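Participant: Attaching a predicted model along with its sequence, questions to come.
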Amino acid sequence: MTRSSKDEKQDRHSGDPKSSVNALPKKEGAGRGKFTLGKAGDERNASSLSKDDPNYDPDERRVDPEDGASYTWDELAAYYKGKFKMKALEAYWNDECTPAKPKKSRAKAKKSQGPTPEESTAKPKAKAKAKPKVESKRLSEEDLGTDGPLAKEIAKVIPYFPYKKLDRFYDIGGVLKHPKLFNAMCSVMAKRYRKLGVTKILGFEARGFLFTPVAIKLGVPFVMLRKAGKMPNTISSGPYTKEYEGVDEMCIQKGALVPGDKVILIDDLIATGGTLCAGIELVKACEAEVVECSCMIELKALKGRDRCLKAGAKDVWGFISEDILGEAAPLPDDYVDDGKHSS
Ligand SMILES: O=P(O)(O)OC[C@H]1O[C@H](OP(=O)(O)OP(=O)(O)O)[C@H](O)[C@@H]1O
Ligand SMILES: Nc1ncnc2[nH]cnc12
């Protein structure tokens, strides 16, 4: 059984590929105003995201794909309290609910006043009245797969440039202009690792750091792997090379991992695998285990995957292959390759 099909089995809902991946089961009596917030102060208890939790932002609103309306975490937690386990609800908030567009007037009002007590009790009613509307993108089973529909959507916004003397340097800055798409990317990764007992996510300087939301969604620490000379008290890999010229050295802080940690190494892209192998070396030096090397893009022809497996990673996963990356960036007449190596 593959990892993803194992995940499918453990999901709460049907194997219908058209069905939503993480949708909460349909609610009995939902939308009829039966639910109350309970006693004042209960809202906080309903939430497992406490005030001290770095994920907790009382003003953040997300769209619930069940009805297309937006809620704060407290409103959502209060609404579903007693109906679903908090862990399931947290996963739903992180993976399925999408950031809500702030309404101009509400955003301004919030800035000056903050939420009123009336607002927090009014929302379940608003939820009851909200008409279903498809506003957010829900992940289908196909979306989770390499080169699937979601991967294709993301690939379309990652153009390549002639850069650093490569014909095709993929500019992943393109996907960052599309927050919903990038959130979906991180949700795919989080979903993939949710049931594997992962204890830490490790990301590589610099573009690997973009994937901190995966660790946040999983509720595990994110550990920075940085190039030499950027943080104190480190251990260092040996020198390594990449697809383009120059030599780097990767570092981890002493004590960042403990023996037995099960980690995912995340990066935006695997080419020769030099970077990931440096990370694998560091994880092994800490007596921890690389469950998987996880990359948004895999340039398969460069066979980085084989290098990583040989170096000791249990698995390597890429979401987007070069088969679906084909957008050449339009180049201005005065374009020059201004790529320089940092070291
Ligand atoms: O598989 P490889 O051949 O090792 O190449 C992949 C690495 O190259 C890039 O990092 P790089 O350090 O060049 O740049 P960044 O600092 O912009 O992330 C990319 O983000 C990967 O980490
Ligand atoms: N072809 C490529 N595009 C973007 N980043 C890279 N890092 C290594 N090879 C790369």
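Facilitator: Ah, there it is. Residues are numbered from 1 along each chain as shown. Ligands and ions are numbered 1, 2, ... in the order given.

Participant: Around the closest residue to residue 301 other than its chain neighbours, how many other residues sit close by?
Facilitator: Nearest non-adjacent residue to residue 301, counting by CB to CB, 6 or more residues apart in numbering: residue 322, 7.0 Å away. Yep, even glycine has a C-beta here, placed from its N, CA and C like the rest. By the criterion of other CB atoms under 10 Å, residue 322 has 18 neighbours.

Participant: same check, this time on residue 305
Facilitator: Neighbours of residue 305 under the rule other CB under 10 Å: 21.

Participant: isn't the residue nearest to residue 301 right up against residue 270?
Facilitator: No - counting by CB atoms under 8 Å, residue 322 stays clear of residue 270, with 11.5 Å between them.

Participant: Mind checking what secondary structure the closest residue to ligand 1 within the stretch 1-150 of the chain has?
Facilitator: Per CB to the nearest ligand atom, residue 146 is where the stretch 1-150 of the chain lies closest to ligand 1, at 17.3 Å. Secondary structure for residue 146, judged by DSSP: H, G, I helix; E, B strand; the rest coil, is coil.

Participant: what's the closest non-adjacent residue to it?
Facilitator: residue 319 (5.8 Å).

Participant: Is the one helix or strand the one you found maps to in proximity to ligand 1?
Facilitator: Secondary structure assignment for residue 319, by DSSP states H and E: strand 316-321. No - where contact is defined by CB under 6 Å from any ligand atom, no part of strand 316-321 touches ligand 1; the two come within 10.9 Å at best.

Participant: where does the closest residue to residue 179 other than its chain neighbours land on pLDDT?
Facilitator: The spatial neighbour of residue 179 that comes closest, neighbours along the chain excluded (CB to CB, 6+ apart), is residue 99 at 6.3 Å. pLDDT, residue 99: 76.

Participant: wait, what's in contact with residue 99?
Facilitator: 60-63, 179-180, 183 (CB atoms under 8 Å, 6 or more residues apart in numbering).

Participant: State the distance from it to ligand 2.
Facilitator: 27 Å (CB to the nearest ligand atom, to the nearest Å).

Participant: Nearest residue to the middle of this protein?
Facilitator: Residue closest to the average C-alpha location in the chain (CA atoms, centre = their mean): residue 186, at 2.0 Å.
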